[in-house]
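Peer 1: my questions are about this predicted structure, shown below with the sequence.
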Amino acid sequence: MKLVDLNVLNTRGAKMHLSRQKIINVCSAFIFTLGIVSASVSFAGPREQAKRMHDRLTGVPPTEAVLTSMTSMIQNQDAIGAAMLAMDNPFFINTTIKDWATPWTNRDQSVYRDLNDSTATVMGMVRDDVPFDQILYADTVYIGSADATNEAYSVSNNDHYEDLQNRRRDLSDPAMLVAMNQSVLNDQLAANQTAGIMTTRGYAQAFLIAGTNRAALRFATLNFMCMDMEAFRDKSAYPDRVRQDVDRSPGGDSKIFMNDCLTCHAGMDGLAGAFAFYDFVEVEDQGERLVYTDGVVQPKYLNDAGVFPTGFATTGDSWVNYWRSGQNSWVGWNAPNNGVGRGAKELGMELAQTRQFSECQVKKAFEKVCHRSPNGAADVQAVTNIANSFEANNRSMKRVFAETAAYCMGN
């Protein structure tokens, strides 16, 4: 048997001991550093809180004068006032709100899209503190002023908004971005046929093109109620509005329809009739645009009618909300129409006046400003409180952002 030099073993053991000690020292230093960072976050003073608040609301550092004013406000227990001051910075509208709203205007939910009339309208309504529930039913669209661009607004292309974007116009300036009536700019729409951003060109291009117009409803609930169709599943909903294009025995098994298809389609098809007269199509000599055929159902609603001929055939733009009762009553349906209506405007009111709409806006603002989702009892209570304030303060999104920033300024 080969003898082992004890000196060599001792040397190796010493080296291993030193290596372990180095690892312990490094880990201890890392934990100590984390402790310092955590302490600095938890015990940040008013000046640090003011800077963090400004950075999160605008994405840029404050001027010394603004930082001093915000610090003083926070010291005087007026954190909401400090947030409102930060939001005077043009970057709040031009960057924060633009990036916040852009994913709502495309199916990929990407922030990397050109400015369009949908996004500009969100920016303008937040800037002007318009009651935010009107985002789904107002006869409003925001366009660039004559001083902002020489490119005229058009229902047939996005050139007007791309020019505003390329010129880097300050859309936080009311002289650059102005509110107009959609019914004035779009010869297809009367005032009672408009529905906030749901009848803008950008929204129509994304969600009313081709298909069956169910996407217009799906993305409205997803973006403004934080609920996709899966969240509304309800076996008990009445199936009488399920369209002809839905097979009642997929694969020869009716149980699949009863236990799967019906749970979404009963409620969804009950509401999607609101868009029966809308389409986004190529119009001769006009390009692609939103069209409205008053009293005439778009042919897409009758696609694949042979799949189940005795299913519901859409004949008008009436809708009924089967989600008002049963397991989806928790959504908080507060509109005074008892869950029935006609057209997209009345549907927009049905969705936007829910409690879920209020809490959804708060949650989205929370994620944007706090850089995380609400998590834990304190955050859940904060969302509830801020949603209450949203409803009590004329549905002001500015105040939602201010109160959220005040809540998160210390962490």
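Peer 2: Received the coordinates, thanks. Quantities reported herein were computed from a predicted structural model and do not represent experimental measurements.

Peer 1: three-state assignment of the nearest residue to I143 once chain neighbours are set aside?
Peer 2: Once flanking residues are discounted, I143 sits nearest to Y153: 4.6 Å by Cβ to Cβ, 6 or more residues apart in numbering. For the C-beta atoms, the positions are set from N, CA and C on the backbone; glycine is no exception. For Y153, the assignment made with DSSP: H, G, I helix; E, B strand; the rest coil gives coil.

Peer 1: so Y153 makes contact with Q182?
Peer 2: No: taking contacts as Cβ atoms under 8 Å, Y153 lies outside contact range of Q182: 10.7 Å.

Peer 1: can you name the element that comes right after the least confident helix or strand in the chain by mean pLDDT?
Peer 2: Among the helices and strands of the chain, helix 6-42 carries the lowest confidence by mean pLDDT, DSSP states H and E, at a mean of 42. Under the assignment DSSP states H and E, the closest C-terminal helix or strand after helix 6-42 is helix 46-58.

Peer 1: got the CA positions of that following helix in PDB?
Peer 2: What follows is helix 46-58, C-alpha atoms only, in PDB (Å, rounded to 0.1, in the frame of the first residue of the first chain):
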ATOM      1  CA  PRO A  46     -38.600  62.100   2.700                       C
ATOM      2  CA  ARG A  47     -36.100  63.200   0.200                       C
ATOM      3  CA  GLU A  48     -35.300  59.600  -0.900                       C
ATOM      4  CA  GLN A  49     -39.000  58.800  -1.000                       C
ATOM      5  CA  ALA A  50     -39.700  61.900  -3.100                       C
ATOM      6  CA  LYS A  51     -37.000  60.900  -5.600                       C
ATOM      7  CA  ARG A  52     -38.200  57.300  -5.800                       C
ATOM      8  CA  MET A  53     -41.800  58.500  -6.300                       C
ATOM      9  CA  HIS A  54     -40.800  60.800  -9.100                       C
ATOM     10  CA  ASP A  55     -38.600  58.200 -10.800                       C
ATOM     11  CA  ARG A  56     -41.400  55.600 -10.800                       C
ATOM     12  CA  LEU A  57     -44.100  58.000 -12.000                       C
ATOM     13  CA  THR A  58     -42.100  59.600 -14.800                       C
END
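
Peer 1: which secondary structure elements does that helix sit against?
Peer 2: For helix 46-58, the packing partners by 3 or more Cβ pairs under 8 Å, 6 or more residues apart in numbering; DSSP states H and E come out as helix 64-75, helix 79-86, helix 355-370, helix 397-408.

Peer 1: give me that answer again for 10 Å
Peer 2: Packing partners of helix 46-58 (3 or more Cβ pairs under 10 Å, 6 or more residues apart in numbering; DSSP states H and E): helix 6-42, helix 64-75, helix 79-86, helix 90-91, helix 355-370, helix 397-408.

Peer 1: how about that helix: buried residues?
Peer 2: P46, E48, Q49, A50, K51, R52, M53, H54, R56, L57, T58 (16 or more other Cβ atoms under 10 Å).

Peer 1: separation between the fourth one and Q109?
Peer 2: Here A50 is placed at a distance of 32 Å from Q109 (Cβ to Cβ, to the nearest Å).

Peer 1: contact partners for the most centrally placed residue in the chain?
Peer 2: Among the residues of the chain, the one closest to the centroid is N223, at 4.1 Å (Cα atoms, centre = their mean). Contacts here follow Cβ atoms under 10 Å, 6 or more residues apart in numbering; on that basis N223 touches A101, P103, W104, T105, Q109, I135, L136, I197, Y203, F207, C360, K364.

Peer 1: considering those, which is situated nearest to I93?
Peer 2: Nearest to I93, judged by Cβ to Cβ, of those is A101 at 10.3 Å.

Peer 1: the closest one: which element?
Peer 2: Assigned by DSSP H and E, A101 falls in helix 98-101.

Peer 1: if we go by neighbour counts, what in that helix is buried?
Peer 2: K98, W100, A101.

Peer 1: okay, those in a markdown table with distance to T384 next?
Peer 2: Output for those, formatted as a markdown table (distance: Cβ to Cβ, whole Å):
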| residue | distance to T384 |
| --- | --- |
| K98 | 28 |
| W100 | 21 |
| A101 | 24 |
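
Peer 1: quick check: phi and psi on G211?
Peer 2: Listed backbone geometry of G211 is phi 50, psi -140, with angles given as degrees, to the nearest 10.

Peer 1: what distance do you get for the closest residue to it other than its chain neighbours to N393?
Peer 2: Spatial nearest neighbour of G211, chain neighbours left out: K300 (6.8 Å); criterion: Cβ to Cβ, 6+ apart. Note on K300: its distance to N393, by Cβ to Cβ, is 41 Å.

Peer 1: so for those two, which sits in the more crowded spot?
Peer 2: K300 (21 against 14; other Cβ atoms under 10 Å).

Peer 1: would it be right to say that that one lies in a strand?
Peer 2: No: assigned with three-state DSSP, K300 falls outside any strand and is helix.

Peer 1: contacting residues around it?
Peer 2: So K300 contacts 208-214, 245, 275-276, 278-279, 281, 314 (Cβ under 10 Å, 6+ apart).

Peer 1: V178: which element?
Peer 2: Counting by DSSP H and E, V178 is found in strand 177-180.

Peer 1: buried sites along that strand?
Peer 2: With burial defined by 16+ other Cβ under 10 Å, the residues of strand 177-180 counted as buried are L177, V178, A179.

Peer 1: and those as a markdown table, adding pLDDT and distance to A86?
Peer 2: As requested, the buried residues of strand 177-180 are exported to a markdown table (pLDDT from 0 to 100; distance: Cβ to Cβ, whole Å):
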| residue | pLDDT | distance to A86 |
| --- | --- | --- |
| L177 | 98 | 20 |
| V178 | 98 | 24 |
| A179 | 98 | 24 |
